[in-house]
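Participant: Give me a model of this one.
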Amino acid sequence: MPAPAKPKPIRMIVGLGNPGSEYERTRHNAGFAAVDALAARLGARYWKKQAGSEVASVRMRALLDDGSAGAREVLLVKPQAFMNVSGGPVAKLCREQRIKPAEILVVHDEVDLAPGAVRAKFGGGLNAHNGLRSLADKLKTRDFGRIRCGIGRPPGRMEVATYVLKPMKGADWSDFELMAEEAADLIERAVAEGLASVL
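Facilitator: This next block holds a predicted model:
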């Protein structure tokens, strides 16, 4: 049995979400929101279409392959396929860029975390998340880094699918934007110090 993979220095940050303006303010787009917050901080203004994703290249303070600290180019990625098939574009981009799954950091919404909580993780279960399931299927491994953005469970008897795709407004939206900024903070630390330092 192969030894479990360990996190490697991060070369690609993948935000999960659904493309299209009608999904912009939904909880399921936490990954897009965090990547957009990071892109704004780093001055990334040019997004190119590549392998079915929007891709921006940014220079970040980073842990390098030899374990030293430095700076490197990191790809910010927003797959433009719907969440449940987002693994296809990501796997294609990984092949084109020769990036291994353990060098990816995936940012996604998480119903089993309290709203606003942000946590890092490496590998493990998929928690019935369609985006993670598609990634694991296409990358043929669950061993990739994750930034989990807490959205909590739906109120009352609301279905999870309805809850994650319901547009937010008011305080819910303001709190969500704050969480995206906190996720961007954690991404920056994970890239600069290595994912293991923030687990």
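Participant: rest of the way, CA atoms for contacts and neighbours
Facilitator: Fine.
Participant: Could you tell me how many residues sit around the closest residue to G70 other than its chain neighbours?
Facilitator: Excluding the flanking residues, the one nearest G70 by CA to CA, 6 or more residues apart in numbering is A62, at 5.4 Å. Residue neighbour count, defined by other CA atoms under 10 Å, stands at 24 for A62.
Participant: With R45 instead?
Facilitator: Other residues close to R45 by other CA under 10 Å number 11.
Participant: a strand runs through it, doesn't it?
Facilitator: No - looking at R45 with DSSP: H, G, I helix; E, B strand; the rest coil, it is coil, so not inside a strand.
Participant: hang on, the earlier thing: the residue nearest to G70: helix or strand, and which one exactly?
Facilitator: strand 53-63 (DSSP states H and E).
Participant: same question, K121
Facilitator: Here K121 is assigned to strand 118-122, by DSSP H and E.
Participant: Provide the strand pairings for that strand, with the direction of each partner.
Facilitator: Paired neighbours of strand 118-122 in the sheet (DSSP bridges): strand 145-150 (antiparallel).
Participant: Give me the residues contacting the strand it pairs with.
Facilitator: 7, 30-31, 102-123, 179-180, 183, 186-187, 195 (CA atoms under 8 Å, 6 or more residues apart in numbering).
Participant: ok, then the element right after that strand?
Facilitator: helix 160-164.
Participant: Need the contact partners of that following helix.
Facilitator: T26, R27, H28, R153, P154.
Participant: One more pass at 7 Å, please.
Facilitator: The contact list for helix 160-164 (CA atoms under 7 Å, 6 or more residues apart in numbering) reads T26, R27, H28, P154.
Participant: what packs against the helix of greatest length in the chain?
Facilitator: Using DSSP state H, we find that the single longest helix of the chain is helix 170-193. For helix 170-193, the packing partners by 3 or more CA pairs under 7 Å, 6 or more residues apart in numbering; DSSP states H and E come out as helix 30-41, strand 53-63.
Participant: in its sheet, what does the shortest one sit against?
Facilitator: The sheet places strand 53-63 alongside strand 48-50 (antiparallel), strand 69-79 (antiparallel), with pairing taken from DSSP bridges.
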